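Chemist: fold the following and give me the result.
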Amino acid sequence: MALMPKRSRYRKSFRGRVKGFATRGNRVSFGEYGLQALDAGWITGRQIEAGRIAANRACGGVAKIWIRVFPHKPISAKPAETRMGKGKGDVDYWAAVVKPGTILFELGGVPEEKARLAFKRVAHKMPIKVKLVRRLATH
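Modeler: Numbers count the residues shown, from 1 in each chain. All right, here's what the predicted structure looks like:
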């Protein structure tokens, strides 16, 4: 089942635009390794779920996986070959709004090679460029 909110205040939202870099959610907080977004964009609930499954399979179910993004934004669409007018389309899917620097996934409890392989599999599922980052050493 694709991720989506249990309930939302408004049924439909404006598209908006993604400006600037992430100031929150841009550090590896839970695991040892993170997958960081390099581009701005929307990531659908299905893409997040596909990434989770890919990471789980690559690690053999040993690693602890944290998903750091959630699809809160309803994206509406009108059917193909529909005339203009008649209002805004129905909600088609839900998306997470991602800024450059946002940590999408985190992994813990596996060696770096395994984390690198897992995140490579996840990167193929993502619609934006991503990179692997390590947790900063705490003093």
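Chemist: got a pLDDT number for the residue lying farthest from the centre of the chain?
Modeler: When distances to the mean C-alpha position of the chain are computed (Cα atoms, centre = their mean), the maximum falls on Arg83, with 33.0 Å. For Arg83, the model assigns a pLDDT of 95.
Chemist: kindly report the same for the one 3 residues further on.
Modeler: According to the prediction, Lys86 has pLDDT 95.
Chemist: which element is it on?
Modeler: Under the criterion DSSP states H and E, no helix or strand holds Lys86.
Chemist: kindly report the same for Val91.
Modeler: Element membership of Val91, judged by DSSP H and E, is strand 90-98.
Chemist: run me through the strand neighbours of the helix or strand that that strand is followed by, direction for each.
Modeler: Toward the C-terminus, strand 90-98 is succeeded by strand 103-108 as the next helix or strand (DSSP H and E). Strand 103-108 sits in its sheet next to strand 33-37 (antiparallel), strand 64-67 (antiparallel), going by DSSP bridges.
Chemist: mean neighbour count and mean pLDDT for these - can I get that in JSON lines?
Modeler: (Glycine included, C-beta is placed from N, CA and C.) Listed next are the strands paired with strand 103-108 as JSON lines, based on neighbours: other Cβ atoms under 10 Å; pLDDT from 0 to 100:
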{"stretch": "strand 33-37", "mean neighbour count": "24", "mean pLDDT": "97"}
{"stretch": "strand 64-67", "mean neighbour count": "16", "mean pLDDT": "96"}
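Chemist: residues contacting Tyr33?
Modeler: 106-108, 112, 115, 119, 132-135 (Cβ atoms under 8 Å, 6 or more residues apart in numbering).
Chemist: appreciated, that's everything.
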